[in-house]
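Q: Predicted structure and sequence below. I'll ask about it afterward.
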Amino acid sequence: MSLPKLSSYSGWVVDHVLPHMQEDPPPSETSTSPSSTSALGQPSFVPKSPVRDPAFPPASSATPNGTKDKYESQHTEPMVLQSSRGIKVEGCIRMYELLHRMKGAEGLRQWQEEQERKVRALSEMASEQLKRFDERKELKHHKEFQDLREVMEKSSREALGQQEKLKAEHHHRAKILNLKLREAEQQRLKQVEQERLRKEEGQIRLRNLYALQEEVLHLSQQLDSSDQHRDLPEVDLSAFRIRGNQLCGLISGIIRATSENGFPTAEEQAVAERALQEMRDLLVNLQQEIARACEDRRRQDEEEARVKRQESQVQQGPEVRKEPPASRQGPGGKLNEDLQVKVQDSTMQWYQQLQEASSQCVLAFEGLSNSKDSQAKKIKMDLQKAATIPVSQISTIAGSKLKEIFDKIHSLLSGKPVQSGGRSVSVTLNPQGLDFVQYKLAEKFVKQGEEEVASHHEAAFPIAVVASGIWELHPRVGDLILAHLHKKCPYSVPFYPAFKEGMALEDYQRMLGYQVTDSRVEQQDNFLKRMSGMIRLYAAIIQLRWPYGNRQEIHPHGLNHGWRWLAQILNMEPLSDVTATLLFDFLEVCGNALMKQYQVQFWKMILLIKEDYFPRIEAITSSGEMGSLIRLKQFLEKCLQRKEIPVPKGFLTSSFWRS
């Protein structure tokens, strides 16, 4: 028998009918009760069916994990059906419900598995997509980084190229700028040199102008001294005096204008020279007029005396008179005597006095010099450094620096403490300190001439001006300088030591100024070089004065000593190679100052050297010693041709003292 086909309302009937049934014990399929048989003809209730209408879905269904709904949790007692047909329907319903439940659970399980597979597949796909996304993102970043790196490298290369280009342009511009700066510096130096030369020429002209004024004033004094001839009616002294005053006023006016404008021009100097020449001519004319008037008066007096003698002879009678013989030597006669070999007695006495003073000074500090005490030795060393180091620092760098050195030496000699080697030093530290410092200072000055000036001739002037200033304030130092100079260079006296019987040859060579070491005498060139340096220093000292000193006082050892030295050396027999060298050095350094001081007399001296003394030197000079002779000859000829002695090279100008 086939299962009955249930309609779609069977589930609804079961849901609505079964709740209203009485609860009875569960029916048995194998047995029936009388009540059931009796009720077969009555309508019966069927059990609740799980089948629901699609329009009315069940309130709850089995969950995916296989749980049952609320209807399964309840123990529904099947209603007692009145017929077997109802039992069958109920069984079919229950079976259908079970099948339907199993089918639903299986479908739900399959659906869950399918969903899980889909979820896993989606998860794996999403993971793969995420990996691909990360790879694409990383690739994109890498590409962007590579592009950025290439851009940076390109920009870096461009920047380096631009930098190299700018560097090349900068180098080129710097080169051009350096050339322009060098040209500008050369132009500036040229202008500075031109300005310096202009100032030097102006200063030379100014000094010449002052010298011209001095000479004009001297000539004017000679004009004024002619008043002693006022008793000569033939000479009009007032006219000469008036013209002399006019010339003095002319030069004074030029100097006043120069002081306002700076330096005199060449035209002003030429006007002053013409005024000086006119003044000289004026004085010569006056002297000629006076001489002529005196000669006329002498003849007139002689005539009157002769007339008186004749009248007296007529009155007293003739007498025999004897006239004294006339002198054979006229007023302009020249003695033909041989030159001297020995120095004059007065000069020799002066030389010996200086050497004696030097020896006394050495004896005065003998205790300090020979002391074994460590403190005394330290004081001696500090004093020697304080005295000699400043002299070694003398140079032509600046006038202010030279003044500092002078002030330091002056302070030391004055007993004031000075700084030397980081310590305070004073001559008052030892009773013999002053004598020691004076001796060592003078010795150092001469040593600088022997070494520094011998190598660099221009160094003579700064050393000499400091020595002259110290000499003026401390005369004993000056005497010691002369003593050291005469001992090392006897030709500065001038003095030619004579060889005495029994004297050792080495001692005699030392007296002549040679250095003898281990019985070996120095070379002639080195000897002449040292003598030249010391003579140059001496020639610079006698013409220079310390510019900040007292101008009212005279030079302690001035140009008159230079004139005496020159005159005495010309009265002595020349020495081969030595005399020519010393004459050239002395005249080159001091000739300009002597020319301004003695003027005509100086040129007479130069002419005497050229015409009379030079042939004597030439006669004793061998062929191997002609260098100094030729230099002297060229110097004399050049000076006589130009009628001027040039200013020595390295002479300290006024601009130096402003530096």
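A: Here it is on my side, so go on.
Q: CA atoms for contacts and neighbours, from now on please.
A: Fine.
Q: Return the helix or strand in this protein with minimum mean pLDDT.
A: Ranked by mean pLDDT, DSSP states H and E, the helix or strand of the chain with the weakest confidence is helix 34-38, at a mean of 37.
Q: Next, the residue most central in space within the chain: secondary structure please.
A: The geometric centre of the chain, computed from its C-alpha atoms, lies nearest to Ile397 (C-alpha atoms, centre = their mean), at 11.9 Å. Classification of Ile397 using DSSP: H, G, I helix; E, B strand; the rest coil returns coil.
Q: where in the stretch 551-659 of the chain is pLDDT low?
A: Per-residue confidence of the stretch 551-659 of the chain (counting by pLDDT under 70) places no residue in a weak region.
Q: can you do 90?
A: Under the criterion pLDDT under 90, the flagged ranges of the stretch 551-659 of the chain are 551-558, 560, 567-578, 596-602, 604-605, 610-630, 637, 639-659.
Q: Let me see the ranges of the helices in it.
A: Across the stretch 551-659 of the chain, reading from the start of the chain, the helices by DSSP state H, counting those that start in this stretch fall at 559-570, 578-598, 600-608, 614-620, 626-642, 654-657.
Q: One more: the stretch 401-550 of the chain?
A: Across the stretch 401-550 of the chain, reading from the start of the chain, the helices by DSSP H, counting those that start in this stretch fall at 433-448, 454-455, 460-473, 475-488, 505-511, 524-541.
Q: weakest of those in terms of mean pLDDT?
A: Within the helices of the stretch 401-550 of the chain, the stretch with the lowest mean pLDDT is helix 505-511, showing a mean of 83.
Q: which other helices and strands contact that one?
A: In terms of contacts (3 or more C-alpha pairs under 8 Å, 6 or more residues apart in numbering; DSSP states H and E), helix 505-511 is packed against strand 516-517.
Q: Show me what the strand it packs on pairs with in its sheet, parallel or antiparallel.
A: strand 520-521 (antiparallel) (DSSP bridges).
Q: got the contact list for Lys372?
A: Taking C-alpha atoms under 8 Å, 6 or more residues apart in numbering, we find Lys372 in contact with no residue.
Q: Does it fall in a helix, a strand, or a coil region?
A: Lys372 carries the three-state label coil when classified by three-state DSSP.
Q: one step back: closest to Glu268 out of the helices of the stretch 551-659 of the chain?
A: helix 578-598 (18.7 Å; C-alpha to C-alpha).
Q: residues of that closest one that come out buried?
A: Buried residues in helix 578-598, counted by 16 or more other C-alpha atoms under 10 Å: 578-597.
Q: In the stretch 151-300 of the chain, where is pLDDT below threshold?
A: Residue ranges of the stretch 151-300 of the chain with pLDDT under 90: 156, 167, 171, 177-178, 182, 185-187, 190-300.
Q: What segments of it are helices?
A: Taking DSSP H, counting those that start in this stretch as the test, the helices found in the stretch 151-300 of the chain are 237-261, 266-316.
Q: same for the longest one, what does it pack against?
A: Helix 266-316 is packed against helix 84-224, helix 237-261, with contacts defined by 3+ C-alpha pairs under 8 Å, 6+ apart.
Q: how far off helix 84-224 does that helix point, in degrees?
A: Calculated by axes from the mean of the first three to the mean of the last three C-alpha atoms, to 10 degrees, helix 266-316 forms an angle of 20 degrees with helix 84-224.
Q: what's the following helix or strand after helix 266-316?
A: Using DSSP states H and E, the next helix or strand after helix 266-316 towards the C-terminus is helix 345-364.
Q: Pick the most deeply packed of the helices of the stretch 551-659 of the chain.
A: Per-stretch averages of neighbours, counted by mean count of other C-alpha atoms under 10 Å, single out helix 578-598 among these, with a mean of 21.
Q: who touches Trp563 in this structure?
A: Trp563 makes contact with Leu594, according to C-alpha under 8 Å, 6+ apart.
Q: where does the stretch 1-150 of the chain have low pLDDT?
A: Counting by pLDDT under 90, the ranges of the stretch 1-150 of the chain that qualify are 1-101, 103-104.
Q: got the buried residues for the helix or strand where Ala386 lies?
A: Assignment of secondary structure by DSSP H and E places Ala386 within helix 374-392. Judged by neighbour count (16+ other C-alpha under 10 Å), helix 374-392 contains these buried residues: 376, 379-380, 382-391.
Q: Also stretch 642-653?
A: Result for stretch 642-653 [16+ other C-alpha under 10 Å]: buried residues 645-646, 648, 651-652.
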